[in-house]
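A.B. asks: Okay, predicted coordinates and the sequence, questions at the end:
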Protein chains: 2
Amino acid sequence: MPRAATTSDAFNAVAEPRRRAILSYLAQKERPVGDIVTALRLEQPSVSKHLRVLKDVGLVHVRRDGRQAFYRTNAGAIRPLHEWTSTFERYWSNQLNRIKERAERKTKGES
Amino acid sequence: MPRAATTSDAFNAVAEPRRRAILSYLAQKERPVGDIVTALRLEQPSVSKHLRVLKDVGLVHVRRDGRQAFYRTNAGAIRPLHEWTSTFERYWSNQLNRIKERAERKTKGES
DNA sequence: TTGACATATTCCTATATCGGAATACAATAT
DNA sequence: ATATTGTATTCCGATATAGGAATATGTCAA
């Protein structure tokens, strides 16, 4: 069994760094493909392919106008990832707390 | 060029659902491999392989004791993912705000 | 119709993957 | 020494991938 398809969910789609770059670029404002190509300095076919993957997982939306295709990040689709990572937040902050507490004990001279 | 290695970063490592399950399971408390096997109902070699990947990316730590290996999630390594997803938070909350505002206008009878 | 432009798709190849099965290794117990 | 237990590794095979190059599709202009 190979790895799960990049189009199987947001986790897999987002594993590719260029796709993350595209998502960041398209977050604030919709953009035609050509803008992504020049802004991120990628080959046009490469961008089209990445956009295909992102679209298949619902991470971007397209609006067509003439020969142009305006893509835009669908931030909501990133939310599941955010929520999953959030479940670990308490653990790393616990660790920070522990470090902080130890530091405080130290400044007070208590071992 | 194939896909980036699962061991290349946390994003790739976490793309695999079973690895996410393992990370969740190991978040609160360190556990020997056998516990993971029975709790998540996976084959033991499979678990060992997934743990290898997670360890290579720093997502888990191991402590050895006799023949047992106690693994524990290193939550801090998940933080970069959390931070990346957080950059999109304003966009989906904007969307929520827009929906909320529209709803409020409606209850007030303003179009 | 022909040509230019914007985007998408196809074909190619090398490679990393995952599960399964078997086996290796290491520590302890008998 | 041998067996048992806990974990890790190896070999296998099928498959999805990403980039590159070429080409296809679609839209507008002259």
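C.D. replies: The structure has been received and is ready for your questions. Everything numeric in this text was worked out from a predicted model, so none of it was measured.

A.B. asks: Got phi/psi on the residue positioned nearest the centre of chain A?
C.D. replies: Centroid-nearest residue in chain A: residue A:20, 4.7 Å away (criterion: CA atoms, centre = their mean). Backbone torsions of residue A:20, given as degrees, to the nearest 10, read phi -60, psi -40.

A.B. asks: before we move on, what about residue A:49?
C.D. replies: Per-residue torsions, residue A:49: phi -70, psi -40 (degrees, to the nearest 10).

A.B. asks: And for residue A:67?
C.D. replies: According to degrees, to the nearest 10, residue A:67 has phi -90, psi 0.

A.B. asks: Residue A:63 belongs to a strand?
C.D. replies: Yes: using DSSP: H, G, I helix; E, B strand; the rest coil, the assignment for residue A:63 is a strand.

A.B. asks: pretty sure it is in contact with residue A:55, am I right?
C.D. replies: No: the pair residue A:63 / residue A:55 is not scored as a contact, 11.7 Å apart, by CB atoms under 8 Å. For every residue, glycine as well, the C-beta is placed using N, CA and C.

A.B. asks: Looking at these two, which is more packed in?
C.D. replies: residue A:55 (17 against 11; other CB atoms under 10 Å in any protein chain shown).

A.B. asks: Can you name the helix or strand that the more buried one falls in?
C.D. replies: helix A:44-56 (DSSP states H and E).

A.B. asks: wait, does that helix contact chain B?
C.D. replies: No: contact between helix A:44-56 and chain B is absent, the nearest approach being 10.7 Å (criterion: CB under 8 Å from any CB of the partner chain).

A.B. asks: Please compute how far that helix lies from its chain's middle.
C.D. replies: Taking CA atoms, centre = their mean, to the nearest Å, one finds helix A:44-56 lying 15 Å from the centre of the chain it belongs to.

A.B. asks: And for that helix, what's in contact with it?
C.D. replies: The contact list for helix A:44-56 (CB atoms under 8 Å, 6 or more residues apart in numbering or on different chains) reads A:6-7, A:13, A:16, A:18-19, A:22-23, A:33-34, A:36-37, A:40, A:42, A:60-62, A:71.

A.B. asks: give me the subset of those touching DNA strand D.
C.D. replies: A:6-7, A:16, A:18 (CB under 7 Å from any atom of the strand).

A.B. asks: surely the residue nearest to the centre of chain A meets residue B:84?
C.D. replies: Yes: here residue A:20 reaches residue B:84: they are 6.8 Å apart, a contact under CB under 8 Å.

A.B. asks: hey, where'd the helices end up in chain A?
C.D. replies: A:10-13, A:17-25, A:33-40, A:44-56, A:79-86, A:89-107 (DSSP state H).

A.B. asks: Spell out which residues of chain A are next to DNA strand D.
C.D. replies: Chain A comes close to DNA strand D at residues A:1-3, A:5-7, A:16, A:18, A:43, A:45-46, A:49-50, A:53, A:66-67, as judged by CB under 7 Å from any atom of the strand.

A.B. asks: Any chance of a ChimeraX selection covering the buried ones in those residues?
C.D. replies: To isolate the buried ones among the residues of chain A next to DNA strand D in ChimeraX, judged by 16 or more other CB atoms under 10 Å in any protein chain shown, type:
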select /A:6,16,50,53
